[in-house]
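Engineer: sequence and predicted structure, then a few things I'm wondering about:
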Amino acid sequence: MESAVLEIIDYQPEHQPWFEKFNRHWIEEHFWMEPIDVEVLQHPESHILKKGGSIFMATWRNELAGTVALKFVETGVYEFTKMAVEDRFQGKKIGRALAEAAIERARKEGAKRIILYSNTKLPTAIILYRKLGFQEIPLDGPYQRSDIKMELNLHSPGIIHYRDATLEDLPRIVDIYNSTIPGRMVTADTEVVSADSRVGWFKEHSGKRPLWIVEDQANKIIGWVSFQSFYGRPAYDATAEISIYLDPSIRGKGLGKKVLEYTMDRCSALKIKTLLGFIFSHNEPSLKLFKHAGFQEWALLPNIAVLDGVDRSLVIVGKRIVQ
């Protein structure tokens with residue numbers, strides 16, 4: 001069975017040479033090794049793991065490709081540190097996947113803040129941190145090479161996270177779904193559905209075709225994401241249809257863009273190479289969202305649906321995610 005293209009795994013003792021190699025190469029390419037770097041890279045168990053932190057390794061097609069560490073600073077505070085991706089694996093969004101894994105671990109550990117130290121001569125890294133929600137704060141810290149300190153407040157408005165849906169979430173999932181029906185733009189259902197009627201649909205989701213809950217900083221459910229197989233034939237196993245539904249209170253605030261970006265970044269781990277969206281042609285906000293993310297119109301099914309006596313067309317948009 002073919003493994004996922006990109007996987008994020010927990011550090012094991014045998015990973016130490018790669019943890020040091022990846023970071024040493026990156027640091028020496030851009031700056032210089034400081035004594036604290038040598039100590040941490042050679043003894044990560046003592047400096048990070050045994051003090052309550054975590055280390056993640058990324059693999060690409062079963063080959064170690066990158067790493068990141070989450071260092072415990074004090075109660076409620078962790079430091080995001082020692083992220084490096086080997087040169088030949090650059091451009092595959094491995095850094096973002098590592099960062100999101102570290103953020104999710106910090107959240108599960110009850111963190112309120114994550115800090116990091118970087119340098120403004122690394123614009124790509126700074127852009128990534130800002131996309132993840134980090135903001136610049138006054139500089140201090142142990143690294144001579146750092147000229148910027150950033151912080152992610154995990155309790156700030158706008159911070160969202162994802163988890164697998166459980167059957168207990170189904171009533172809330174259905175509530176959000178039903179809220180789109182009156183608008184006649186999102187779904188072909190014309191009457192509200194019940195949670196009981198969606199149990200079968202819920203059970204169709206699996207590890208490769210997940211159903212994710214989107215929660216805000218207060219762990220309130222504000223949306224969900226569904227991956228479903230296309231056409232149900234083995235030759236289409238690497239193609240999936242994506243559906244994103246958000247609570248009415250947060251629509252139109254840019255959250256859909258964040259959710260769509262997150263799902264695209266996760267496709268390689270799900271062994272999905274192609275994503276499809278089925279959108280009514282008069283649903284201009286959704287079409288704009290997907291096209292902004294690089295999706296193209298691949299098919300038009302004219303006048304295929306009737307909503308309140310009006311013929312409506314369906315657009316199929318698609319994007320090749322993993323080559």
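Structural biologist: That came through, no problem. Numbers count the residues shown, from 1 in each chain.

Engineer: residue ranges with poor pLDDT in the protein?
Structural biologist: 1-4, 156-158, 323 (pLDDT under 70).

Engineer: domains in it, by residue range?
Structural biologist: The chain breaks down into these structural domains: 6-153, 161-320 (assignment by automatic domain parsing).

Engineer: distance between the ends of the last one?
Structural biologist: Distance across domain 161-320, first residue to last, is 25 Å (Cα to Cα, to the nearest Å).

Engineer: measure how buried the nearest residue to residue 230 once chain neighbours are set aside is and give me the count.
Structural biologist: Once flanking residues are discounted, residue 230 sits nearest to residue 239: 4.4 Å by Cβ to Cβ, 6 or more residues apart in numbering. Backbone N, C-alpha and C define where each C-beta goes, glycine included. With neighbours defined by other Cβ atoms under 10 Å, the count for residue 239 comes to 18.

Engineer: identify the residues contacting residue 239.
Structural biologist: With contacts taken as Cβ atoms under 8 Å, 6 or more residues apart in numbering, residue 239 has the following neighbours: 229, 230, 231, 272, 273, 274, 275, 276.

Engineer: what helix or strand is the residue minimising distance to the centre of the chain located in?
Structural biologist: In the chain, the residue lying closest to the centroid (Cα atoms, centre = their mean) is residue 262, at 3.3 Å. Taking DSSP states H and E as the criterion, the element that holds residue 262 is helix 255-266.

Engineer: could you give the angle of the helix or strand following that helix to helix 255-266?
Structural biologist: Moving toward the C-terminus from helix 255-266, the first helix or strand encountered (DSSP H and E) is strand 274-280. Relative orientation of strand 274-280 with respect to helix 255-266: 150 degrees, computed using axes from the mean of the first three to the mean of the last three Cα atoms, to 10 degrees.

Engineer: which strands and helices lie in contact with strand 274-280?
Structural biologist: The helices and strands touching strand 274-280, judged by 3 or more Cβ pairs under 8 Å, 6 or more residues apart in numbering; DSSP states H and E, are strand 239-246, helix 284-292, strand 310-320.

Engineer: of all the ones you listed, which lies closest to residue 143?
Structural biologist: Closest of these to residue 143 is helix 284-292, at 36.8 Å (criterion: Cβ to Cβ).

Engineer: buried residues in the closest one?
Structural biologist: Within helix 284-292, the residues scored as buried using 16 or more other Cβ atoms under 10 Å are 286, 287, 289, 290.

Engineer: thinking again about what came up before, from residue 242, how far out is the residue nearest to the centre of the chain?
Structural biologist: 11 Å (Cβ to Cβ, to the nearest Å).

Engineer: tell me the strands beside the helix or strand harbouring residue 301, with direction?
Structural biologist: When secondary structure is defined by DSSP H and E, residue 301 falls within strand 296-307. Based on DSSP bridges, the strands next to strand 296-307 in the sheet, each with its direction, are strand 310-320 (antiparallel).

Engineer: quick one: the partner strand to helix 284-292, angle?
Structural biologist: Between strand 310-320 and helix 284-292, the angle formed by their directions is 20 degrees, by the same axes, to 10 degrees.
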